[in-house]
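Q: Just to be clear, the model below is a prediction. Sequence and coordinates:
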Amino acid sequence: MDDELNGRLAALATDVGASVHLAPAGRVRARGDRHRTHVVAAAAAAVVALAGGMAAVQVVGGGDADPAVTPTGWYTDIPERFRLSHEGEAGWQRSDDASVSSAFLPCGADGPISADPTLVGRTDARTVTGPGRPIEGSPPARLTEQLLAFRDDHAASAALWALAQSVNRCGWSTAHADGGPGYDTDVLFTSRVVSDSVLEEASVLHRGNALYLVFTESGGVGYGGYFLGQVDVRQELCEVMQLCYP
Amino acid sequence: MRDSTGFDEFYAATAPRVVAQVYAMVGDLGEAEDAVQEAYARAWQRWLRVGGYADPTAWVRTVAYRIAVSSWRRARSRLIAHERLGATEPAGRLDPDTVALVDALRRITPAQRRAVVLHHLVGLSVKEIAEETGDSLSAVKVRLMRGRRALAPLLGAELVEEVDNSGR
């Protein structure tokens, strides 16, 4: 069996190696440089803020508070100049209701876990809802973006992990963090197929005392726009709320 | 200063092999290609560090696997494939024996599949698999044994159980 398996897998490797379609190395490096630009820009903004006398905060992933963080640095009110990625676009509605329900409740209001864990310790919220940008010819998506501010990073972390537990209880794909070393690890991505033509997806990014949620209902094909949104919002979190990834 | 020549040589020498490994683990060639390229892009971001590792390929393979099994990406890919009303593999691109082998691998659990591929294709020892996957030695041994046992009838192969207590 072992020889058979070794031989067939070796043949697979040869076959795939001859058929594989890969971008040239230069293009792969350029892709990496684009990622790097976002991280460097965020770090630079943090340095500028620190020089201006503001308390800069660095947050690392891991699911709990960073003991190195200075609690006095938290913005518990979302600054007016903060912009969600779709904010201000045509067809999008904004709400500043600080007690609004979480954009993503995995079990719904009638499920086994109906309480909204994001209300605990929450100090502010901003929500925008509107039509998503379709990708790859997919039907339009309905998308909600939400930034929630908490009294501190412990409260934000607790809310994220409570959502993750609900995900695992209520029929969503297993919650886990995406990305390799050096990326935010406190990111919940999950999805569920509601019907043959409807897919629901959610992402929750935790950084410091803030959670950035995106909930999407798309007509048949994954939306994916929240990756773009996260790029924008990560930069806003750093530049406006001093929540920077090192 | 990152060494682009060194990175390019590393990419050219190892990427096709890593695609084959990730393909065998996840069962979707397009997904494997995309995930592997993203993993190399991330390796380039931190090439000063990753390039100094004893085995940068292991880092890339681990990151590519994590990317490929991301629930969001898999759900999205599945639905895109469904909408296209076709198989996920480009027709005629791979040898039928390769497709049949990957079909067989798809029928065992993801954890067993990863262990089997790392051992029989990548050539890692049980101890090295445990280090790469974060599992215990005993868990890796059980997954290898059960994976081989489940694969044997699918491949028409005779099963010879091996109890590996050495970590190799």
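A: Done, it's in.
Q: domain parsing for chain B?
A: According to automatic domain parsing, chain B is divided into the following domains: B:1-92, B:107-168.
Q: what distance separates the shortest one from the middle of the whole chain?
A: Read that as domain B:107-168. 13 Å (CA atoms, centre = their mean, to the nearest Å).
Q: now the first one
A: Mean C-alpha position of domain B:1-92 versus that of the full chain (CA atoms, centre = their mean) differs by 9 Å.
Q: do whichever strand or helix holds A:Asp3 and chain B meet at all?
A: According to DSSP states H and E, A:Asp3 maps onto helix A:2-19. Yes. Using CB under 8 Å from any CB of the partner chain, helix A:2-19 reaches chain B at A:2, A:4-6, A:8-13, A:15-17, A:19. For the C-beta atoms, the positions are set from N, CA and C on the backbone; glycine is no exception.
Q: And the domains of chain B: which comes nearest chain A?
A: In terms of CB to the nearest CB, the element of the domains of chain B nearest to chain A is domain B:1-92, at 2.9 Å.
Q: Which helix or strand lies directly C-terminal to the worst-scoring helix or strand of chain B on mean pLDDT?
A: The weakest-scoring helix or strand in chain B, judged by mean pLDDT, DSSP states H and E, is helix B:71-84 (a mean of 50). Heading C-terminal from helix B:71-84, the first helix or strand you meet, by DSSP H and E, is helix B:96-106.
Q: Give me the buried positions along that following helix.
A: Across helix B:96-106, burial judged by 16 or more other CB atoms under 10 Å in any protein chain shown covers B:98-99, B:101-102, B:104-105.
Q: Mind listing residues that contact it?
A: Contact with helix B:96-106 is made by A:8-9, A:11-12, A:15-16, B:23-24, B:27, B:89, B:113, B:116-117, B:151, B:154-155, as judged by CB atoms under 8 Å, 6 or more residues apart in numbering or on different chains.
Q: same question, stretch B:110-129
A: Contacting residues not belonging to stretch B:110-129 are listed as A:2, A:5-6, A:9-10, A:12-13, B:20-21, B:24-25, B:61, B:65, B:69, B:105-106, B:108, B:132-133, B:135, B:137, B:140-141, B:143-144, B:146-148, B:150-151, B:164, B:167-168 [CB under 8 Å, 6+ apart].
Q: The domains of chain B: lowest mean pLDDT?
A: Sorting the domains of chain B by mean pLDDT places domain B:1-92 lowest, at a mean of 78.
Q: which stretches of chain A form helices?
A: A:2-19, A:25-51, A:153-169, A:225-241 (DSSP state H).
Q: Just give the number of residues close to residue 29.
A: Picked chain A for this. 23 (other CB atoms under 10 Å in any protein chain shown).
Q: oops, I was thinking of chain B
A: Neighbours of B:Leu29 (other CB under 10 Å): 24.
Q: so who does the closest residue in space to it that isn't next to it in sequence touch?
A: Spatial nearest neighbour of B:Leu29, chain neighbours left out: B:Tyr23 (5.1 Å); criterion: CB to CB, 6 or more residues apart in numbering or on different chains. Contacts for B:Tyr23 were tallied using CB under 8 Å, 6+ apart; they are A:12, A:16, B:29, B:32, B:102.
Q: which one among the residues you listed gets closest to A:Tyr75?
A: B:Ala32 (41.7 Å; CB to CB).
Q: quick one: contacts for the closest one?
A: B:Ala32 sits next to B:19-20, B:22-23, B:25-26, B:64, B:68 when contact means CB under 8 Å, 6+ apart.
Q: got the angle for the top helix by length along chain B vs helix A:2-19?
A: The single longest helix within chain B, with elements called by DSSP H, is helix B:4-26. Counting by axes from the mean of the first three to the mean of the last three CA atoms, to 10 degrees, helix B:4-26 lies at 130 degrees to helix A:2-19.
Q: so where's chain A shaky on pLDDT?
A: Within chain A, the set of residues satisfying pLDDT under 70 comprises A:1, A:34-73, A:110-114, A:132-140, A:174-186, A:196-197, A:219-232, A:245-246.
Q: after the longest helix of chain B, next one along is what?
A: Downstream of helix B:4-26 (by DSSP H and E), the next one is helix B:29-45.
Q: which secondary structure elements does the very next helix or strand once past that next one contact?
A: Sequence order places helix B:47-50 as the next helix or strand after helix B:29-45, per DSSP H and E. Judged by 3 or more CB pairs under 8 Å, 6 or more residues apart in numbering or on different chains; DSSP states H and E, helix B:47-50 is in contact with helix B:56-68.
Q: So which other helices or strands are in contact with the helix it packs on?
A: Looks like helix B:56-68 contacts helix B:4-26, helix B:29-45, helix B:47-50, helix B:126-133 (3+ CB pairs under 8 Å, 6+ apart).
Q: Report the central residue of chain B.
A: B:Val22 (2.7 Å; CA atoms, centre = their mean).
Q: Distance check, the residue nearest to it when sequence neighbours are not counted against A:Ser19.
A: Leaving aside its sequence neighbours, B:Val22 sits nearest to B:Ala32 (CB to CB, 6+ apart; 4.1 Å). Between B:Ala32 and A:Ser19 the computed distance is 11 Å (CB to CB, to the nearest Å).
Q: Kindly report the same for B:Thr133.
A: Taking CB to CB, one finds B:Thr133 at 27 Å from A:Ser19.
Q: for A:Ala125, same thing?
A: For A:Ala125 relative to A:Ser19 (CB to CB), the value is 50 Å.
Q: Which one's more surrounded, those two?
A: Remark: of A:Ala125 and A:Ser19, A:Ala125 carries more neighbours, 23 against 17, as counted by other CB under 10 Å.
Q: Could you pull up the residues touching the more buried one?
A: Here A:Ala125 is in contact with A:78, A:95-100, A:146-149 (CB under 8 Å, 6+ apart).
Q: Same list, these, but as a markdown table with neighbour count please.
A: Shown next, in a markdown table, are those (neighbours: other CB atoms under 10 Å in any protein chain shown):
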| residue | neighbour count |
| --- | --- |
| A:Ile78 | 20 |
| A:Ser95 | 13 |
| A:Asp96 | 11 |
| A:Asp97 | 10 |
| A:Ala98 | 15 |
| A:Ser99 | 9 |
| A:Val100 | 17 |
| A:Gln146 | 23 |
| A:Leu147 | 24 |
| A:Leu148 | 28 |
| A:Ala149 | 25 |
